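>>> What shape does this take:
(chains A, B and C)
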Amino acid sequence: MELRGITKRFPGVVANHDIDITVHRGTVHALVGENGAGKSTLMKILYGMQKPDEGTITIDGEQVSFHSPADAIARNIGMVHQHFMLADNLTVLENVVLGGEKLHGISGRARAEIIKISERYGLGVRPDVLVEDLGVADRQRVEILKVLYRGARTLILDEPTAVLVPQEVDALFDNLRELKAEGLTVIFISHKLGEVLSVADDITVIRRGTTVGSVVPSETTPKQLAELMVGTELPSPETRESTVTDVEMLKVEGLRLTSADAEGVERTVLDDVSLTIHKGEVLGIAGVEGNGQAELVEAIMGMRDPDGGVITLDGIDISHLPTRTRREDGIGYIPEDRHRHGLLLEAPLWENRILGHVTEKPNAKGRLLDLKAARVDTERIVREYDVRTPGIEVTAASLSGGNQQKLIVGREMSHHPKLLIAAHPTRGVDVGAQAQIWDQIREARHEGLAVLLISADLDELIGLSDTLRVMYRGRLVADADPATITPEELGSAMTGAATGHLAASDNGSAAGPTSEEGESE
Amino acid sequence: MRRVSKIVAAGIATAALTLSLSACGESSTESGGKDKGVGLAFDVGGRDDHSFNEAAARGVDKAEKDLGVQSKLMTAKNGETEADREQRLSSLAEAGYNPVIGVGFNYGKSVNKVAKDFPDTTFGVVDSPSEVKNVYGMVFAEHEGSYLAGVAAALKSKTHKVGFIGGVNNALIQKFQAGFEQGVKDTDPKAKVTSEYLYANDDKGFNDPAAAKGKAKGMLDGGIDVIYTAAGQSGNGSIETVAGKKGTWAIGVDSDQYLQPGLAQYKSSILTSVMKNVDVAVYDLVKSVHDKKPLTGNKAYTLKDNGVRLSTSGGFIDDIQAKIDAAKKKIASGDVKVSDTPAKQ
Amino acid sequence: MKKFARFDKNKLILGIAAPVLAIVAALLITSVIILATGKDPLYAYSVMVDFGSKSDSQVWIINKAVPYYLSAVAVAIGFRMNLFNIGVDGQYRIAAFFAAVVGGALTLPGFLQIPIIIIVAMLVGSVWAGIAGLLKTTRGVSEVITTIMLNAIAAAVIGYFLQEGRLAKKDGNLFHTPNLPGSSHFFTIPTMPKPLDGFLVIAVVVGFAYWFVLNRTRFGFDLRTVGQSESAAEAGGVNVKRMIVTSMLLSGAAAGLIGMPTLLGVSYNYGTDFPVGIGFTGIAIALLGRNHPIGMAAGALLWGFLERTGTQLEFEEYEQEIVGVMQGVIVLCVVIAYELVRRYGLRLQQRKVGEELAAQARKTEKAEVSS
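Here you go, the predicted structure:
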């Protein structure tokens, strides 16, 4: 399979441009890149969910054009989504045949086919178990089987390891090697370098929407790969003159939170979390996604009521106050998912400027809205924060991600927060906007703002933070000094491999797991 | 944009208002002719309900044939308001129909109101008394007819369980229930009567055969073997269900339902029907207007003068006719007083 | 400023396009149906326009539209929150019933009696709707299910009490609550030949209040926010659960007004002949009017127009069901047309924004090059 010059534009932003990839039959090909680098768009193009504006896709020497996933399936391309698409209350067999009833019927023949596929690739799928009784890894194998059942010879796996624990990752990689041995092609999307190096035959790196290089794992190191991924032009983190004061702004003590997961099992998502952020301090939290960062943010914002512990903001106990009061008391919030939590997509920009601050000036006068003042202030934000838009009456949905984010940052900063919670503030944002947002956070910090920064971008974390903590399975397991720590060391602590204070070291144990994975290839 | 659309919207609204106020010149009442014949407004279910409305329609048919008058028939929809009914009656009156007859107690108020606007037209209303001078109120002793149905049901039931299904739980249908229950009890004291209604207060009860089917099914399953349904068009559903089970009887209402072509396939299960001679009443009124001696005031059509009666088509009650006649005599003579409200349980 | 003007013009055209598209489509479909019954559609329309524009027709239509409008507002309050209050029908009926009971039992001067009756109706309506709101927030039961159930319960409750010896008395073949005293008859606006219902004024006030609260107050903003994105509202500090209960209470209070024009202006009691089904008509009109106060007014008037002229169509030997078909077709066409136009507009806007920005970028690039 070959992709040449693939370009995809979205309103105001180019998601992919000049993508060139060659995938050889019978290989595991990894696509790596940071969050927001354009991997998911590329994948949607490959699977027929979106049409490229320019460029060609060639399969076995024949140029193709996909209008829908059905076209891709007809070409024996299958996709395993990051979020499983299985019906819990049906059996594995029923899930597999659902929508593919014509292939092998729905009973005897289908069961035989499932068992055959399962044995051939060592998937160990039992056809008559209810999906709701399966664990995450088993579900993933059902998804893979579902795709194979439909005759796929090329599999696209979207961040398949994001939901797995290390042992499960190993088992998955064994499955992938089986598939490869049978002559199937696997396109594997990830941003975890160690994994990629251990399983891929070829690696293509995507950065800022385009392919920046192809490497062979045996000839590369994680460090080289990381440099390719992040790029050398990355604005470097020189905010070293400390602005940290002694004044405690946010203090979290012994915070506990339980929540029912998708299966209805009560799980502890925050376990005895304690941290303190001072005025003028940026505290960064590193961690693999899904280890409790989102829940921590929601507990501080008041969107979830903690089961134990105390949250103090500027000397006031806010543990159980409503979200609105906390916002009025000076918490600014840049949410992780701006479409779900930060914007009203179909509302005009000036209404989005009111969102979250409806009780505050200049948006309200008493119990009434002050539309005129809100509009004027929106104009100001658009100007000062360089939101690229033709006007404030357009809907938020018509702005590019970076401009949406600049609007949110502008809105939150306009209320002079005491504490800013910034969850992945530059995710899916173009380079220019990224640098601006960083500058704004630094500037505010300089003026005494306390910042809780959560990010998957380790350079961002290290670059902006005054203090670093590592979150793993709902606990803060390690801390580090951003002045001395490297992304590799931080990355290993994120997998739970290292705890306590991560001392700076050139070849310390903390970097161990990453390099081990590299060596195992 | 918002502002612009608001301005446009406001403009449209103003224009509409101006239009509505400025067009005051002409009113629809200023057109129409005279003496077009009889105008009849049906209750929900319409002419072909095989029951109540159809009885009224027969009266009009007869008048057309015998007196050579024209007619205009209109039908009510579900969920109507007074305004809808008033409009229907006014339209008929305006167009020059005379008499104008509302079929069903729902027309009680609207007939009274419209009649005052058209003093030269004679109005009639079935099932509702009226105090307006140009209105002829036709009310029926449904409870007396139903009493006889109760007698027949009690004599025919083998399980000693009989059922009553009413379309809507209102005062009119309660008369049917009351008479039926009393008739059963007086004939067979150990018989059990189950009375149920399709709707508490929604005139949909008169044209929802599916609901009646369900109710009848439930009653049959409970061992009831004679079901009397007073629910207009809905009754068809009940009759159909009863016909599906051997050895059970349905009792019809308003028209002689044994003779209804639409119900022909079920007729061997229709024991008898409590006939309200709405056709006679309607014909009387049309004829009186035709003869230039319009009837006014209220007239009660009772068992005594055959205003209500039990049909004998099919001959299924021939064997018990003597007992029914005896009961009828007692009511006519006043020995038995039939209550028009159900006994409280 | 020029830029804005261009956006406005587009939006204006789009805004008019939707209803025009819908009405044209609805007329076409209805014409085909009338033709299929072997009648002349054009004559039908001319009969409707002719009869509908008569002065007494206009009064009739406006009076008929008043409860429809109130019903549409009650439904729209829920719609703006993404709540589907199907129970408006049960709410207004039970509200009118208890208001009639209270009104029939009191004899106070009108300036006290009428407000008391209206307030009782609003309270009962909001309690009835509030039950659904509470069940949704505490037990997670869909308001669609509960409001439908509550409709049935309301009918049963009314059926139970609307019997002789309970709260009603018998009048001929009807049961109804005791008549309201003359002091509680609502005023009318004298027009020829029949007067306009004074409740028109209340409907206008309600429509304005609906617009003002939603668009000009903090509370309204919160409410709309929840309707657009529950997650964003929550993150923005709106107490979503309380908002659900509050909006159900408001919706129910508005629903309580629906029966008032009939109770205070026509029947003066709640009887077995009290109109039913206006709550469902309100859903259609709210859809038709896109929850906009003026759009819904137009929708309510259109509905009244169709019903007024429908009877006349029956007079002209058309099937009376034609009007029902028309109403259904219009709602369907409007919903489809608005959705199509909305999507097209969104795409158009995104493309425009993209173009504008690209143009800006080119200009600045050129400036940099030349400098």
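>>> Contact residues of the stretch 101-250 of chain C facing chain B?
Residues of the stretch 101-250 of chain C lying close to chain B by CB under 8 Å from any CB of the partner chain are C:155-156, C:158-160, C:162-165, C:170-175, C:191-193. For the C-beta atoms, the positions are set from N, CA and C on the backbone; glycine is no exception.
>>> I'd like to know which of those are buried.
C:155, C:158, C:159, C:162, C:163, C:170, C:171, C:172, C:173, C:174, C:175, C:191 (16 or more other CB atoms under 10 Å in any protein chain shown).
>>> Can you read off the backbone torsions of the last one?
Dihedral angles of residue C:191 (phi, psi; degrees, to the nearest 10) stand at phi -140, psi 170.
>>> quick one: it and residue C:200, what's the gap?
Distance, residue C:191 to residue C:200, by CB to CB, to the nearest Å: 11 Å.
>>> The fifth one now?
If you measure residue C:163 against residue C:200 using CB to CB, the figure is 34 Å.
>>> Repeat that for the first one.
In this structure, residue C:155 and residue C:200 are separated by 28 Å, where distance is defined by CB to CB.
>>> element containing the residue of chain C found nearest chain B?
Closest to chain B within chain C is residue C:159: 2.4 Å, counting by CB to the nearest CB. For residue C:159, the host element (DSSP states H and E) is helix C:143-161.
>>> Please identify the buried residues of that helix?
The neighbour-count check on helix C:143-161 (16+ other CB under 10 Å) flags C:143, C:146-151, C:153-155, C:157-159, C:161 as buried.
>>> Could you list the paired strands of the helix or strand that comes right after it along with their orientation?
Using DSSP H and E, the helix or strand that follows helix C:143-161 in sequence is strand C:169-171. In the sheet, strand C:169-171 lines up against strand C:174-176 (antiparallel) (DSSP bridges).
>>> Run through who's touching the strand it pairs with.
B:105, B:108, B:128, B:170-171, C:162-164, C:168-169, C:267, C:269-273 (CB atoms under 8 Å, 6 or more residues apart in numbering or on different chains).
>>> residue boundaries of the helices in the stretch 201-350 of chain A?
A:222-230, A:293-301, A:323-328, A:349-354 (DSSP state H, counting those that start in this stretch).
>>> roughly how far apart are the residue in the stretch 401-521 of chain A positioned nearest to chain C and residue B:45?
In the stretch 401-521 of chain A, no residue comes nearer to chain C than residue A:403, which is 8.6 Å away by CB to the nearest CB. Separation of residue A:403 from residue B:45 (CB to CB): 63 Å.
>>> So for those two, which residue has more residues nearby?
residue B:45 (29 against 25; other CB atoms under 10 Å in any protein chain shown).
>>> Tell me which residue is most central in chain C.
When CA atoms, centre = their mean is applied to chain C, the residue found nearest the centroid is residue C:72 (0.8 Å).
>>> next one: chain B
Centre-nearest of chain B using CA atoms, centre = their mean is residue B:52, 4.1 Å out.
>>> which non-adjacent residue is nearest that one?
Take residue B:52 and drop its neighbours on the chain: the residue closest to it by CB to CB, 6 or more residues apart in numbering or on different chains is residue B:254, 4.2 Å away.
>>> isn't the one you found right next to residue B:279, touching?
No: applying CB atoms under 8 Å, one finds residue B:254 not in contact with residue B:279, separated by 9.8 Å.
>>> who touches both of these two?
Taking CB under 8 Å, 6+ apart as the criterion, residue B:254 and residue B:279 both touch residue B:55.
>>> For these two, indicate the residue with more neighbours.
Higher neighbour count among residue B:254 and residue B:279: residue B:254, with 29 against 21, using other CB under 10 Å.
>>> Contacts only, for that one.
Applying CB under 8 Å, 6+ apart, we find residue B:254 in contact with B:51, B:52, B:54, B:55, B:230, B:232, B:273, B:274, B:275, B:276, B:278.
>>> Beta-bridge partners for it, please?
residue B:275.
>>> if we can go back for a sec, what helix or strand is the residue nearest to the centre of chain C on?
Assigned by DSSP H and E, residue C:72 belongs to helix C:55-79.
>>> So which elements touch the next helix or strand after that helix?
Later in the chain than helix C:55-79, the nearest helix or strand by DSSP H and E is helix C:88-105. On a contact count with 3 or more CB pairs under 8 Å, 6 or more residues apart in numbering or on different chains; DSSP states H and E, helix C:88-105 meets helix C:55-79, helix C:110-139, helix C:143-161, helix C:240-258, helix C:260-262, helix C:278-288.
>>> right, and those - which one's nearest residue B:137?
When the helices and strands packed on helix C:88-105 are compared by CB to CB, helix C:260-262 sits nearest residue B:137, at 23.8 Å.
>>> State the mean pLDDT of that closest one.
Averaging pLDDT along helix C:260-262 yields 93.
>>> cool, stretch A:125-138 as well?
When pLDDT is averaged over stretch A:125-138, the result is 80.
>>> next one: stretch A:193-205
Here the average pLDDT along stretch A:193-205 is 81.
>>> dump the residue contacts of the nearest residue to residue A:3 once chain neighbours are set aside.
Among residues not flanking residue A:3 along the chain, residue A:21 sits closest, at 4.5 Å (CB to CB, 6+ apart). Listed by CB under 8 Å, 6+ apart, the contact partners of residue A:21 are A:1, A:2, A:3, A:29, A:31, A:204, A:211, A:214.
>>> Run through the bridge partners of the third one.
To tie it back to what came earlier, the one meant is residue A:3. residue A:21, residue A:57.
>>> Alright, that wraps it up for me.
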